[in-house]
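Novice: Give me the fold of what follows.
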Amino acid sequence: MSAKVQRKKTTSVEKKSFQSFLHSAAFINILMIFCTALVLMVFFFAVCTPRKYDLKVGSISHETINATKDVIDEVGTEDKKTAAAGAVEPTYRFQEDVKEEVMSSLNFWFTQLRTIQQYGVTLAEEDKKRMDSTFTEEEVDYAYKLSGDLNLTRYQITTLLKTDTASFDDMVSTVTTVVNNSMNNTVREGQVTQAIQTILSIVGYKLDVSLTQNILPTILRSCVRPNMIIDQEATDQARQNAMDAVEPVIYLQGQNIIREGDRITRNQLEMMRTLGLLKENTYNYSVYAGSFLVIIASMVILILSVRLVQKELLQNTRKMFVLLLIVLVCVGIDAAAHVIPNAYLIPLTLGPVLAGILLGHRAGMIIILPLSILLSGLVSGNSSSSFSDVVILFFAAVFGGTVTLQFIHGHPQRVRVLLSGLLSALTGVFAVLAFHLLSASDSGKLVETCAWFAAGGVLSGMLAVALQPVFESIFRLATPSRLMEMTNPNQPLMRRLMIEAPGTYHHSIIVANLAEAAAQKISANPYLARAGAYYHDIGKLKRPGYFKENQMGENPHEKTDPYVSAAILTSHTKDGVLIAQKEHLPPEVQDIIRQHHGVTPVMFFYHKALQMSDGNPVDINEFRYDGPKPQTKEAAIVMLADTIEAAVRSMKDPTPKAIDQFIERLVRGKLEDGQLSDSPLSLKDIDQICEAFSSILKGVYHERIEYPVVQHYASGNMPEQKHETPVQEVEPENPIEKSEQMPAETEEDQGHDD
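Specialist: Next comes the predicted model:
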């Protein structure tokens, strides 16, 4: 039974853990990254998926078509290989026994022919009156049978029958000698006909024409054989080597495959088919696979960069959404830019500059590499771009993004952002020149490319300036520009504070000076610290008269129940957050308003409640602020600055040494109370903050010189001057003095700012 209960508890815990994960910032960020990848896929497919054409061999193209990627002209390459193989001479090998075979065959056929010739002589001797040209059919048929396998024609048989013995012997002797000499030389395979013609030309002037024209060609064709035959294996290998040595015909990405008005050839159509540009091709999987891999790689690099450089972004869904949206905006603009004549007009540095001014310098650095990969991949999929274009754009994006981001770091003015566009143009030109010198490309194209790059850089700056206020307004981002605008005294809330709560306004100005100096000292965000200090007490606008610094006469807390007084004081943080939300102040400033008192108790009214309780227990938690404790460096700085400014202002003798000691005691009190336990401040940071506070307060509460008192004189007569020490001006004491035994308690306990 206990095991079942344990399993149920385990299952319940796992279910709650899974549900909490589904509502966590990590899960939301995963969903946003996944959705970003899907949208990027749409952009890539829109740009990289090639247009389909309906073309046939022999048809006329009505537009120029470029290669979407490097493609081999298979037909043209095969033709070149065939030509190279055909140009290779065959490899021969000598056969020594061929001569004997030829001479033996020649003697054999001459013997066969002699039988026919002698038969003709016999017929002539038997009938002296026979005409030379007449032989009966039976005689010719008999002679034909004597020729054996020589396949002589009847005309050739008749010619032999009419040949006398002397002429025949002369033919045999002459032909045998010439053939023997010919076979001593090389007779290559495939050149037998030429060898026979050579033999006939040699014997032609020595023999009877009827023999050389009628009998000898047949005899020689039957006997003569090549003594140099083709070594087929060696020849095939030589031809294969020649074919392998042929470089393939490659059309580079962006090169014209078909020009407008051309009649389409077979090799052009095959290249179009290979590239998937014909309507008969259903899908081009390589484009989809390449796009998928590029997007996955860029997203992985983005996540790893965030974890390495600015891990807190993973817990801030709003800022992470802005970062991913910047990626989508930049890739979307670049996808739309592919309709323009040149890819170099892409605003390469827009992403890093936008991220830098909206989310901070580190966020800008995070986005440089993944965005460069995405933009280069997008350009790579464009049919009008080459591989060198991709390399130059990637280099320019990384180099330009880094340089322009450093240029605007610490200088958030919009003019500076606009000038970053010119710097981006210069870095783009630098990239083009660098790769031009490496490749020694066409100088005419260099000037054109530099012009496009310069235009793209200027466009980056202009778009950054145009989009910055849009992002700031929609997402209420605490950018340096926005924070500086908020600290303008003419802001409506600041004017209300100055008019309706002048004491709180004056206090906020001093706290802002302290907070800004301390933030600069520890490398926190000085703009956020100053703006947070300006607005940290805007909740007092709801009941300004209940706070000591705004009171001109009677203190309403003297007639108010301490529980009510404490509730009024502690509610000014909640009231401030409501006002900030109504005025659409950045969430970071709202957090400072909410956290600048942490969970500090209002000790004065708690002490007053104890005195009125007649010994009954009083819960101190009813006199605490709602918190939470400061979560950021800037919120912790504002808390310390708020406490120290109010406390030091109540000092009777604020000497430099007394100020240092008082600051140390107040800060120690906050540490011991645990108010800084949730902030990322280190002990070194706290020491530097105290130094910054001390230098500012010593300047505010500096020693004043004593001026002599000069008595009045009349009508030009100089009376005797009497030097006296005047009474030093001292601020009137507070109605309720602060106890030296409670240094961490401030005038806010009585309705004054902390």
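Novice: Please make it C-alpha for all contacts and neighbour counts, starting now.
Specialist: Fine.
Novice: Quickly find the element holding the nearest residue to residue 309 once chain neighbours are set aside.
Specialist: With Cα to Cα, 6 or more residues apart in numbering as the criterion, residue 309 has its nearest non-adjacent residue at 6.6 Å, and that residue is residue 362. With the criterion set as DSSP states H and E, the secondary-structure element containing residue 362 is helix 361-380.
Novice: Tell me which helix or strand comes right after that helix.
Specialist: Next in sequence after helix 361-380, counting helices and strands by DSSP H and E, comes helix 387-408.
Novice: which other residues reach that following helix?
Specialist: Contacts with helix 387-408, where a contact means Cα atoms under 8 Å, 6 or more residues apart in numbering, come from 253, 344, 348-349, 352-353, 356-357, 361, 364-365, 368-369, 372-373, 375-377, 379-380, 416-417, 420-421, 423-424, 427-428, 431-432, 435.
Novice: same thing but 6 Å
Specialist: Outside of helix 387-408, the residues within contact range by Cα atoms under 6 Å, 6 or more residues apart in numbering are 348-349, 352-353, 372, 376, 380, 420, 424, 427-428, 431.
Novice: Break down the stretch 451-600 of the chain into its helices, ranges please.
Specialist: When secondary structure is read from DSSP state H, counting those that start in this stretch, the stretch 451-600 of the chain shows helices at 480-486, 492-500, 502-521, 526-535, 562-582, 587-595.
Novice: May I see the buried residues of the fifth one?
Specialist: When neighbours are counted by 16 or more other Cα atoms under 10 Å, the buried residues of helix 562-582 are found to be 562, 565-580.
Novice: residues contacting residue 458?
Specialist: 421-422.
Novice: Swap in 8 Å and give it another go.
Specialist: For residue 458, the contacting residues are 347, 418, 421-422, 424-425, taking Cα under 8 Å, 6+ apart as the criterion.
Novice: Buried among these? Make that a ChimeraX selection.
Specialist: Below is the selection syntax for ChimeraX that covers the buried ones among the contacts of residue 458, with 16+ other Cα under 10 Å defining burial:
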select :347,418,421,422,424,425
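Novice: And the contacts of residue 458, which two are furthest apart?
Specialist: The widest separation within the contacts of residue 458, taken as Cα to Cα, falls between 347 and 418 and amounts to 12.9 Å.
Novice: Check residue 702 and give its pLDDT.
Specialist: As summarised for this prediction, residue 702 has a pLDDT of 61.
Novice: rewinding a little: the contacts of helix 387-408 in helices, which ones?
Specialist: In this view, the contacts of helix 387-408 that belong to helices under DSSP state H are 352-353, 372, 376, 380, 420, 424, 427-428, 431.
Novice: And the strands in the stretch 251-400 of the chain?
Specialist: With DSSP state E, counting those that start in this stretch applied, the stretch 251-400 of the chain shows strands at 256-258, listed in chain order.
Novice: just to revisit the earlier point, looking at the ones in helices among the contacts of helix 387-408, which is nearest residue 207?
Specialist: Comparing every one of the ones in helices among the contacts of helix 387-408 with residue 207 (Cα to Cα), the shortest separation belongs to residue 380, at 79.1 Å.
Novice: quick one: residue 460 from residue 269, how far?
Specialist: Taking Cα to Cα, to the nearest Å as the criterion, residue 460 is separated from residue 269 by 41 Å.
Novice: Look at those two and report which has more neighbours.
Specialist: Residue environment comparison for residue 460 versus residue 269 gives the larger neighbour count to residue 460, 29 against 21, counting by other Cα atoms under 10 Å.
Novice: hang on, the earlier thing: so which of the helices of the stretch 451-600 of the chain comes closest to residue 229?
Specialist: Sorting the helices of the stretch 451-600 of the chain by Cα to Cα, the top spot, which is the nearest, belongs to helix 480-486 at 89.6 Å.
Novice: Need the residues that contact that closest one.
Specialist: Applying Cα under 8 Å, 6+ apart, the set of residues contacting helix 480-486 is 357, 412-414, 472, 491, 527-528, 531.
Novice: May I see these arranged in JSON lines, with pLDDT, neighbour count and distance to residue 638 as well?
Specialist: What follows is those, written out as JSON lines (pLDDT from 0 to 100; neighbours: other Cα atoms under 10 Å; distance: Cα to Cα, whole Å):
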{"residue": "357", "pLDDT": "90", "neighbour count": "29", "distance to residue 638": "23"}
{"residue": "412", "pLDDT": "72", "neighbour count": "18", "distance to residue 638": "22"}
{"residue": "413", "pLDDT": "80", "neighbour count": "14", "distance to residue 638": "25"}
{"residue": "414", "pLDDT": "82", "neighbour count": "17", "distance to residue 638": "27"}
{"residue": "472", "pLDDT": "88", "neighbour count": "17", "distance to residue 638": "23"}
{"residue": "491", "pLDDT": "91", "neighbour count": "12", "distance to residue 638": "20"}
{"residue": "527", "pLDDT": "92", "neighbour count": "24", "distance to residue 638": "12"}
{"residue": "528", "pLDDT": "93", "neighbour count": "28", "distance to residue 638": "10"}
{"residue": "531", "pLDDT": "95", "neighbour count": "28", "distance to residue 638": "10"}
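Novice: Which members of these define the maximum pairwise distance?
Specialist: Most distant of these, by Cα to Cα, are 357 and 491, 21.8 Å apart.
Novice: Might you list the low-confidence residue ranges for the stretch 201-350 of the chain?
Specialist: Within the stretch 201-350 of the chain, the stretches with pLDDT under 70 are 253-254, 280-284, 338-343.
Novice: Show the residue spans covered by the helices in it.
Specialist: Along the stretch 201-350 of the chain, the segments classed as helices by DSSP H, counting those that start in this stretch run 209-210, 216-223, 232-244, 266-274, 285-309, 317-336, 350-359.
Novice: Packed most tightly, which of the ones you listed would that be?
Specialist: Across those, the average number of neighbours (mean count of other Cα atoms under 10 Å) peaks for helix 350-359, which reaches a mean of 29.
Novice: Show me what that helix is packed up against.
Specialist: helix 317-336, helix 361-380, helix 387-408, helix 443-475 (3 or more Cα pairs under 8 Å, 6 or more residues apart in numbering; DSSP states H and E).
Novice: right, so of those, which gets closest to residue 215?
Specialist: Checking the helices and strands packed on helix 350-359 against residue 215 by Cα to Cα gives helix 387-408 as the closest, at 71.2 Å.
Novice: Please list all residues in contact with the residue nearest to residue 309.
Specialist: Counting by Cα under 8 Å, 6+ apart, residue 362 touches 309-310, 356.
Novice: Serialize those residues to JSON lines and add fields for distance to residue 100.
Specialist: Converted to JSON lines, the contacts of residue 362 look like this (distance: Cα to Cα, whole Å):
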{"residue": "309", "distance to residue 100": "91"}
{"residue": "310", "distance to residue 100": "94"}
{"residue": "356", "distance to residue 100": "95"}
